[in-house]
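Student: sequence plus the predicted model coming up.
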Amino acid sequence: MMRILAVLLFTLCSIKLFADSKAPASAKIDPVSLLGEVARNYARAKTYRIEATQERIASNSRFYQWEKEDLTAIQGTKNRFRFEIKTGMTGGSWLQVSDGRTEWFYAQRWHRYIERPASPDGPSAMVHMVGFGGELRQAKLMVQQLEHLASAQNFNRMLPNQTIDLDGQSYVCYVVHFSRRETDRAHKVPYNYERTLWIEKQNKVIRKVVETSGAYIPGSPTYGHPIYNTRTTTIYPVVELNVNNPVSEFVFAPPVNAKKVSTLDPPYYSAQVPSMRPARLLNMPAPAVVFVARNGQRTPLAAYKGKPILLDFWATWCGPCMESMPRLARLNQRLTGNEITIISIDEDADAKAAEEFFARHKYGWQEFHDEHGAIQKAFEGNAIPLTVLIDRNGKIVFYGRGWEGPDLRTAIAKLGPQYTAFGSK
């Protein structure tokens, strides 16, 4: 009998030891709370230096593609910044840099660059995205994208902690995982989507992201082409928030063979830019829309009549919107005391995403959720970001993309004598 009890006790102890050894180190960590802290860290970063390397593999039994990109984002004080991407898809390096007085765009592939006065609104945006603006935006928006990634509410599982090595440095990380079953809309084929984040335990920043999914090859016929799998791995060996970056980082010396030009947009592309249809709405009365607050309070646009109104249509998932938001914040600071009301209208599926974004950044102007896109439809919006300026009489005097800073300032300057200063840099 004693022998049986001894064996039983040994077995129970062994089971407990085995269970303890397999227990996730972060089992008691709430992923939503953890990611919320990470998102706030990025939102509060006024200066930073982030370097990343992204590798993407797409493959099936008869197809294989590998891509690699190196990205750098450095934000300094006094309107100094440096954004760079090196990619093999279009070749070479794309660079945007400002020393606070002058801003440069450099396309290594073409050995050409633009030089112009730095805008008080911050980094300029390339209006056209043929091979340049779209790629460079990945570097420019790294902080915003990491914040948005951390703010997602769908990460549903904590995995055991892991130590990862990046460029010779070891980091103890929390590991957060998300997976879901999706369906390719065009081909009605189901596939899995998974995303895993490695969050540095000490500083609460993202050090690694792995995403896997399945999809059809773009442009392929509906039948006869099997789904292909993608795996994207992004590592962040350098993540420094709220640091003093040396002034030398924001200097651009044109290479000897580089040519100074007025634009980097291909000449054939100007006619292909999608229209925002301003002609029909300019100088027309603004539609009678109603804003609904989080608490259900309804406020008609007509209630603001008598003072100019700036409407900003945006979403947290929209890259160009995120690019425009810091410039809008600076514009709001300049508008303080000038009786111009700024109202942001988000097109997010979940109103909470925009609400939390505004709270993290402590933006001081009004923000409303556009349920079912009703307000955007009333203003005939076909894309975001969209900016609409309405004068004190309720007439639309500006209608355009959110990145059109100089044109918007000119429109504000025409509102009256007290706004003349907004027309200058």
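Tutor: Yep, that arrived. Residues are numbered from 1 along each chain as shown.
Student: just the C-alpha atoms of stretch 390-404, please, in PDB.
Tutor: What follows is stretch 390-404, C-alpha atoms only, in PDB (Å, rounded to 0.1, in the frame of the first residue of the first chain):
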ATOM      1  CA  ILE A 390     -16.400  76.100 -45.400                       C
ATOM      2  CA  ASP A 391     -16.500  79.800 -45.000                       C
ATOM      3  CA  ARG A 392     -18.600  81.700 -42.400                       C
ATOM      4  CA  ASN A 393     -21.600  81.800 -44.800                       C
ATOM      5  CA  GLY A 394     -21.700  78.000 -45.300                       C
ATOM      6  CA  LYS A 395     -20.100  78.000 -48.700                       C
ATOM      7  CA  ILE A 396     -17.400  75.400 -49.700                       C
ATOM      8  CA  VAL A 397     -14.200  77.300 -50.600                       C
ATOM      9  CA  PHE A 398     -11.700  74.400 -50.600                       C
ATOM     10  CA  TYR A 399     -12.200  70.700 -51.500                       C
ATOM     11  CA  GLY A 400      -9.200  68.500 -51.900                       C
ATOM     12  CA  ARG A 401      -6.800  65.900 -50.700                       C
ATOM     13  CA  GLY A 402      -5.600  66.100 -47.100                       C
ATOM     14  CA  TRP A 403      -1.900  66.500 -48.200                       C
ATOM     15  CA  GLU A 404      -2.500  69.700 -50.200                       C
END
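Student: quick one: stretch 54-71 to chain centroid distance?
Tutor: 22 Å (CA atoms, centre = their mean, to the nearest Å).
Student: list the buried residues of stretch 298-312.
Tutor: Using 16 or more other CB atoms under 10 Å as the test for burial, stretch 298-312 gives 301, 304, 308, 309, 310, 311, 312. Glycine gets a C-beta too; all of them are placed from N, C-alpha and C.
Student: stretch 238-245 too?
Tutor: Under 16+ other CB under 10 Å, the buried positions of stretch 238-245 are 239, 240, 241, 245.
Student: wait, which of these is closest to residue 396?
Tutor: residue 241 (40.0 Å; CB to CB).
Student: and the residue nearest to that closest one when sequence neighbours are not counted, helix, strand or coil?
Tutor: Among residues not flanking residue 241 along the chain, residue 45 sits closest, at 4.2 Å (CB to CB, 6 or more residues apart in numbering). When classified by DSSP: H, G, I helix; E, B strand; the rest coil, residue 45 comes out as coil.
Student: OK, contacts around residue 45?
Tutor: Contacts here follow CB atoms under 8 Å, 6 or more residues apart in numbering; on that basis residue 45 touches 75, 143, 241, 242.
Student: adding distance to residue 356, secondary structure and pLDDT, write those out as TSV.
Tutor: Formatted as TSV, these follow (distance: CB to CB, whole Å; DSSP: H, G, I helix; E, B strand; the rest coil; pLDDT from 0 to 100):
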residue	distance to residue 356	secondary structure	pLDDT
75	22	strand	96
143	16	helix	90
241	19	strand	97
242	21	coil	96
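Student: following the chain onward from whichever strand or helix holds residue 334, which element is next?
Tutor: Residue 334 belongs to helix 319-335 when assigned by DSSP states H and E. Counting by DSSP H and E, the next helix or strand C-terminal to helix 319-335 is strand 341-346.
Student: which positions within that following strand qualify as buried?
Tutor: 342, 343, 344, 345, 346.
Student: closest to residue 111 out of the buried residues of stretch 298-312?
Tutor: Using CB to CB, those come closest to residue 111 at residue 312, 37.3 Å.
Student: I'd like the buried residues of stretch 298-312 laid out as JSON lines, including distance to residue 364.
Tutor: Converted to JSON lines, the buried residues of stretch 298-312 look like this (distance: CB to CB, whole Å):
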{"residue": "301", "distance to residue 364": "20"}
{"residue": "304", "distance to residue 364": "17"}
{"residue": "308", "distance to residue 364": "17"}
{"residue": "309", "distance to residue 364": "16"}
{"residue": "310", "distance to residue 364": "14"}
{"residue": "311", "distance to residue 364": "16"}
{"residue": "312", "distance to residue 364": "14"}
